[in-house]
Structure formats: structure tokens, C-alpha cells
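J.: Next one to model:
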Amino acid sequence: MRRPAAIHRTFSLVLAASLAVLATGMVAPAAAQEPIADFKPLPVQTRQFGDLAAGPYNRLVIQNVNVLPGHGGPSVGIYDILIEGNQITEMRRFDPYTPEDEWEHLEGERVIDGRGKYVMPGMINLHLHLREEPLPLDYVYYLQLATGITTLGPASDRGVDEAMTEAGRSARNELLAPRMYPLWGWGGGISGYSREQLEDPAMATEIAEKMVAAGGKQFYLNGLCWNRELFGAAARAITAAGGISAVHVQPSSLSEVNAVIAAEEGVTMIVHHYGYAESALDRTVPDYPRDYDYYDENERFRQAGKVWEEAGRNPAARARLLGEVVDRLVASGVVMQPNRATYEANRNILAAMGWPWHEKYTHQALWDMHLPNPRNHAVFHYDWTSDDEYYWTYMYNLWGELIYEFNKKGGMVVFGTDDNYQWSTGGFGNIRELQLMRETGMHSLEVLETANWNSAKLLGLGDRLGLVRPGYLADLLIVDGNPAENLRYLYPFGAIRKREDHTMYRTQGIVYTIKDGVVVNNANVMRDVAAMVAESKENAGVDVVNSPFLPVPEWMSHPVAEEEQEEGSGSQR
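T.: Numbering: from 1, shown residues only. I've put the predicted structure just below:
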């Protein structure tokens, strides 16, 4: 199976930027990518981030923990773990049947007692949208850290240069954020190429080499799906140059590139759900309504769900989807990144609008971005019907079967969420993604592996990220409870459990996230997130989503005379 060293993707602003590149060929060169996952020599300088985080340390010890290794194996224990700088250097195992007072514990300048806790690798979210201002970047980063993400693939929503600058600052621990491998589009981060050159398959090798040399790692080829020859040339050139190519298969170009074609043309990774069901049809395109307009997102997403029912209700197409299509995908070596969390709203929009964390943890700027609006991307939930939710519920079930079969037959599944879109608040979407992957039938340990070693291997970092073992970087989570038993233990608010006396309590979630040896106190991080959100909502108004559920204003709580109603009917609207 092909295991290339890098990837990339983007849709909204990144896709727009990519199209701008194709049109003008003029993009400012990006700052070269600094080493993002290197070992730091001792001694290290310990940095303090207020009461949110501190580290790295010359000797940090985590005592008395169970360990989930990250490669799909079950938990083992009990261990002490020594971290020197940003590297795990020793793991000392204790026999649980030996008296505890005989254990010789490791010691350090900081010791964390992890009694009853589980340590697992930090998770790798290969696909997240930072969105635009006024959404604060700290808000986005903090929620990722508090929900277990230590490495991130952010779309360059605010431009490639800013994305690369932020990645460098994170690598130097100048800001509290995950490691970052930003997503670029074809031709991004370099300058001097015309549209004709960017669209010339013969130029693909030169362009790919320059993008990788400029510091890019993940490259999305969405804008090239209109031309199979160009798409394949770019995908193969990126792999040869040491990068990762990725694609959100475009519904507007399925006659040229579907999922199977993309895989067999050499793309490293397919994201989302597009192009799979279409690959199983008896024709090259779905049965689009004749007035279908790709830029009408309400109709685009409706048809994206319906095509799965068309494939699933046809016995021959269904068999082809779960048989031949899966077999060809696995044989090609393509990697699958499903992104199930961000599309979940389509099968139950009221539930998505009413997630319990929205009030306290969804920033008002992000809430406003989610509101239905035909002018914006991925806010198409107007005229969204019960039939549409049925199509997407059917689609989720069949899509889950496809993922399950792909994984069972040896395909590699990796982790990404594509938040912050469609009412999926980044951070909470990480745990939803794990739960939705469990829905496919994959074992919880397999699901966790997608976010650990699988995603590290995709990035070409399987020798230093994604596992808990000596010689690996200190990107770790200390969790109150075994995530393999209940993925909800990873939420910042934990999960509800019953004591022996039948009283109830909540687990503590991920107590500490350790990124690059820096210990993050997640309770304090979530406190600051809540404060940011509260401030953002101070002057928030009523909107079409929340208006039926807000407290009744005082003036509406008193009966109004009929003549007064008529007089004031316009002003009270």
C-alpha cells in the first residue's frame, strides 16, 4: 500500500484562493515551513502560559497510569512515564500484584499523579477550518487542545502566509496551539505561474516540487477535478515531491473524476463522502434534476444525499459499491478521511442547532456563520425537509458500511472533522467524529487508531507521533476513564457514571493535554473559552434559529387590547 509523506485540502476560502491562483498565477510565496515535529535538545526553557499551561520540562513524570498505545492495541499498565524536554525517554512498568510500597517510581521536576487515569497519544485532526475574523484564533486552538488534538491540519482560511506563520509560532511554543500542517491548494504558496501553466499537465512536476520546497505538506486538488489528465499529473507529482495530495471530489465534475478514478490516478487521500456512491452507478453521473445548479447549495447537498439511496436501493449498484468499489480503492492504496461530524446536521438539523454546548461554548461569531443564508457556504438549511433528513440518514448508514468494508479489507482510515461548519463546533466535533466512526461498526480501538498512528503515518511522522512509547514526541492525553470503553470520556464535560451508592457523577474528561512537552490544564482552558463566548454574546440579538426558544420579553407577557394590537402590529414585529 502506498504510504506517502504528506496531504492537503480546502473548500471555502482556500478553494477561492486556489481558483484565484488559476486565474492570475500571482500568489505571494509562503514562508518556508519550519520543522514542526522535531526533538528539542536539553536543557529546555520552561514557558508559562498563565494558569493555562506550562512546559516543556527537563524532567516531567506521569505516575501510575494505564496506557492506550495508539496502534489499535488495548490498554496496558501500570506505568510511570518520563518525558525529557519534548520526548518520551522511559516507561517503567509496575506489576499490579506487587505491593505498591515496593514500586520504585520515576521522579522529576514536575510529577503528575495519574492514578486511575489513562494515557493515550494526542490526536491528529487533519482537516479543520479556522474560519475568518472576528472568530478568535485562540478560541479555535483552545477547543482543539481541550478535546485532545495535538496536531492539526488547518485550512488556510486566512491566507497561506498567516497559516504558515501560525504553524511556526506553534512549533516554537510561542502560542498555545496544536502543531500545524496547513492545507494548500494547487499553485498555493508560490508565484510566477500563469493559469495556462498551472493547467498544463507537463508543468505538474515543477509546480509540485516548488510547493513542497516552499514548505507545503498537504495539497488539495479540488479545483483540478474538471480535467482527469491534469488531476492525475498533479497527484503523482505531489507524491513524487514528498507531499500529500487530497481531494474533495467535486459533484460538478464527476463525469471526469469520481472516487475510484481519483484513487487510481494516484491521489493520496479522499476526504468527505463525495464520489463513492457515484462510482457504483450504471452511468458516469448521478440523476441530477435538469435544473440542477451546483452553486445552489440547498439543492447540491440534497442531491449529495439522494445519490446514496439511488445506489443503495439498486441491488447491483449496492453490491458493486461494497464490493468492486471498495476493492479498487484498497488496491490503489488511497487513504480515506471521512469527516462525518460536519455533515451530521443534514440528518437531524434541529438536534444540531440544539447541541447542549452551544450556549456556553459556541462563539457568537461562529453561531452567526452557521445561520441559514444562500450567499454563504454550508449554511443551506432552509427549505430543508424531512425527506432530506431521510436521504441523509440512509446515506450515513450506507456510507458507514462502505467505511467498515474499506477498513476491514486493509484500507487506511484517518481522522479529520472539517469543522467549523454546519453547526459542528470545532472541538466537540472531534468527539462526535469518533462516535460517528464507531457507528460504522469499527471497533473503538480501531477508531482511536485513526486519530493516532494512522494519521501520523499519513503525515510521514509514524516514527515520532501517534504512539505512546520511548523515543516518541511527548504529545499525550491524560484521560479520566478509558476512551476505548466510552469515547464520551474525551469530552471536556466527561460522561455520567454511577457510584456504588447509586449517586451520579461526571468524569473529568481529558484532564491534561500534553503537546510538545507543554502540559495544558484543560479545566482552565475551558474556563477561558467560556469567558470568550460569554463576552461575544453580550449584545447578541434574536435570529431565525433561536427566536422560538428564547424567554418571552416582558412586553409580550401582558394581554394587549385588540385596538392596541392593530395600532402596534408593525412596530412589534
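
J.: pull the helix or strand with minimum mean pLDDT from the protein.
T.: helix 13-24 (a mean of 36; mean pLDDT, DSSP states H and E).

J.: longest single helix anywhere in this structure?
T.: Scanning the chain for the helix with the most residues, using DSSP state H, yields helix 386-408.

J.: need the helices for the stretch 201-350 of the chain, in chain order.
T.: Taking DSSP state H, counting those that start in this stretch, the helices of the stretch 201-350 of the chain run over residues 204-213, 228-241, 259-264, 276-279, 297-313, 315-320, 326-332, 349-353.

J.: could you dump those to JSON lines with distance to Val519, mean neighbour count and mean pLDDT?
T.: Using the backbone N, CA and C atoms, a C-beta is placed for each residue, glycine as well. Formatted as JSON lines, the helices of the stretch 201-350 of the chain follow (distance: least, CB to CB, whole Å; neighbours: other CB atoms under 10 Å; pLDDT from 0 to 100):
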{"stretch": "helix 204-213", "distance to Val519": "34", "mean neighbour count": "20", "mean pLDDT": "97"}
{"stretch": "helix 228-241", "distance to Val519": "36", "mean neighbour count": "22", "mean pLDDT": "98"}
{"stretch": "helix 259-264", "distance to Val519": "41", "mean neighbour count": "24", "mean pLDDT": "98"}
{"stretch": "helix 276-279", "distance to Val519": "41", "mean neighbour count": "26", "mean pLDDT": "98"}
{"stretch": "helix 297-313", "distance to Val519": "42", "mean neighbour count": "20", "mean pLDDT": "96"}
{"stretch": "helix 315-320", "distance to Val519": "49", "mean neighbour count": "14", "mean pLDDT": "98"}
{"stretch": "helix 326-332", "distance to Val519": "40", "mean neighbour count": "19", "mean pLDDT": "98"}
{"stretch": "helix 349-353", "distance to Val519": "34", "mean neighbour count": "16", "mean pLDDT": "97"}
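
J.: I'd like the ones you listed laid out as a markdown table, including distance to Ala484.
T.: Putting the helices of the stretch 201-350 of the chain into a markdown table (distance: least, CB to CB, whole Å) gives the following:
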| stretch | distance to Ala484 |
| --- | --- |
| helix 204-213 | 37 |
| helix 228-241 | 34 |
| helix 259-264 | 30 |
| helix 276-279 | 28 |
| helix 297-313 | 30 |
| helix 315-320 | 32 |
| helix 326-332 | 25 |
| helix 349-353 | 26 |
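
J.: show me what contacts the closest residue to Asp113 other than its chain neighbours?
T.: Nearest in space to Asp113, with sequence neighbours left out and distances taken as CB to CB, 6 or more residues apart in numbering, is Gln63 at 5.4 Å. Counting by CB atoms under 8 Å, 6 or more residues apart in numbering, Gln63 touches Asp80, His105, Leu106, Val111, Ile112, Asp113, Gly114, Arg115.

J.: export the residues you listed to a markdown table and tack on pLDDT?
T.: Listed next are the contacts of Gln63 as a markdown table, based on pLDDT from 0 to 100:
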| residue | pLDDT |
| --- | --- |
| Asp80 | 98 |
| His105 | 96 |
| Leu106 | 97 |
| Val111 | 98 |
| Ile112 | 98 |
| Asp113 | 97 |
| Gly114 | 97 |
| Arg115 | 96 |
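
J.: Whichever of these end up buried, select them in PyMOL.
T.: Of the contacts of Gln63, the buried ones go into a single PyMOL selection, burial set by 16 or more other CB atoms under 10 Å:
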select buried, resi 80+106+112+114
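
J.: Whichever helix or strand comes after the least confident helix or strand of the chain: partners in the sheet, and parallel or antiparallel?
T.: Later in the chain than helix 13-24, the nearest helix or strand by DSSP states H and E is strand 47-49. Using DSSP bridges, strand 47-49 pairs in its sheet with strand 53-55 (antiparallel).
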